[in-house]
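# Show me how the following folds:
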Amino acid sequence: MIERYSDHAANERTFLAWVRTGIATIAFGFVVEKYNLFVATLAKANVIDAAKRVKPDKLSGSLGHYDGLALIVVGMAIIVVSLVRFIRTTRLIDDQEPHSAGNVRIELALSVILALIVASLTVHLALA
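Next up, the predicted model:
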């Protein structure tokens, strides 16, 4: 039997949850990028009749482009940080000496960045 198995299993479940979150964030970034590309293509195809022209290009633009890229980068950062935390926690579980929980500044910063990206995308779509 593995010593402190329940602690290791909990650490692995937490790691996998963070990886799922990172993959979902990356996937959402790709969706934002593809949506931006679709709207830009639609705006170019709609140029023929200027009088009846719908303005879908207001939904597209640099903010949507950067939001998608930012979500992809943040998703990759979430996965990398979760891997580092997983390895560190595994070593700390196996160590015989007691340790403090440590700081969570990186996780907090990633969460704030992710919230700001989603908020900016929401505001951009609301005002378009």
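# from the chain's centre, how far out does the longest helix seen in the chain sit?
Among all segments of the chain classified by DSSP state H, the helix with the greatest residue count is helix 5-45. Mean-position distance between helix 5-45 and its chain equals 6 Å (C-alpha atoms, centre = their mean, to the nearest Å).
# Which helix or strand lies directly C-terminal to it?
Downstream of helix 5-45, the next assigned helix or strand under DSSP states H and E is helix 62-94.
# which strands and helices sit next to the helix or strand just after that following helix?
Once helix 62-94 ends, the next helix or strand along the chain (criterion: DSSP H and E) is helix 105-127. Contacts defined by 3 or more C-beta pairs under 8 Å, 6 or more residues apart in numbering; DSSP states H and E place helix 105-127 against helix 62-94. Where C-beta positions appear, they are placed from N, C-alpha and C, glycine not excepted.
# Could you list the low-pLDDT ranges of this structure?
Across the chain, the ranges flagged by pLDDT under 70 are 37-65, 101-102, 128.
# Mind doing that once more with 90?
1-4, 28-74, 92-128 (pLDDT under 90).
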